[in-house]
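**Q** fold the following, please.
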Amino acid sequence: MQKEKTMSLKDWIITLILVCLPIVGLVMLIIWATDKEDPRNIFAKAYLIVAGGIFALILLMYIFIFLFILFIGILAS
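**A** From the prediction side, this is the model:
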């Protein structure tokens, strides 16, 4: 029977600091999400899903703003 790894408070603080770094954080999240043995596996998957959803919503908002400005520009001319 495998012993489940536990993480200390220090490990979680280091994890959160690494996630805040732009490129390093993304790479580490992908590594943790693909490693089944790592205790951060589910955290990394959840973080990537939420970040992807937020990114999609922001992209959609920018598209709507662009279309609105384009529509106003067409009406003004």
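**Q** okay, and for this protein, where does confidence drop off?
**A** For the chain, applying pLDDT under 70 flags the ranges 1-3.
**Q** quick check: longest helix of it.
**A** For the chain, the helix that runs over the most residues, judged by DSSP state H, is helix 41-76.
**Q** okay, buried residues for that helix please.
**A** 43-44, 47 (16 or more other Cβ atoms under 10 Å). All C-beta atoms are positioned from the backbone trio N, CA, C, and that covers glycine.
**Q** secondary structure class for residue 37?
**A** coil (DSSP: H, G, I helix; E, B strand; the rest coil).
**Q** for it, which non-adjacent residue is spatially closest?
**A** Nearest residue to residue 37, sequence neighbours excluded (Cβ to Cβ, 6 or more residues apart in numbering): residue 5, at 7.4 Å.
**Q** phi and psi next, for that neighbour.
**A** Note on residue 5: its backbone torsions stand at phi -80, psi 140 [degrees, to the nearest 10].
**Q** tabulate the buried residues of helix 41-76 (CSV), appending distance to residue 73.
**A** Below are the buried residues of helix 41-76 laid out as CSV (distance: Cβ to Cβ, whole Å):
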residue, distance to residue 73
43, 45
44, 43
47, 39
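**Q** between the residues you listed, which is nearest residue 27?
**A** residue 44 (11.0 Å; Cβ to Cβ).
**Q** centroid-nearest residue for this structure?
**A** Here the mean C-alpha position of the chain is nearest to the C-alpha of residue 51 (Cα atoms, centre = their mean), at a distance of 3.1 Å.
**Q** so how far is residue 11 from that residue?
**A** 21 Å (Cβ to Cβ, to the nearest Å).
**Q** go on, residue 77?
**A** To residue 11, residue 77 is 59 Å away according to Cβ to Cβ.
**Q** looking at the two, which is more packed in?
**A** residue 11 (13 against 5; other Cβ atoms under 10 Å).
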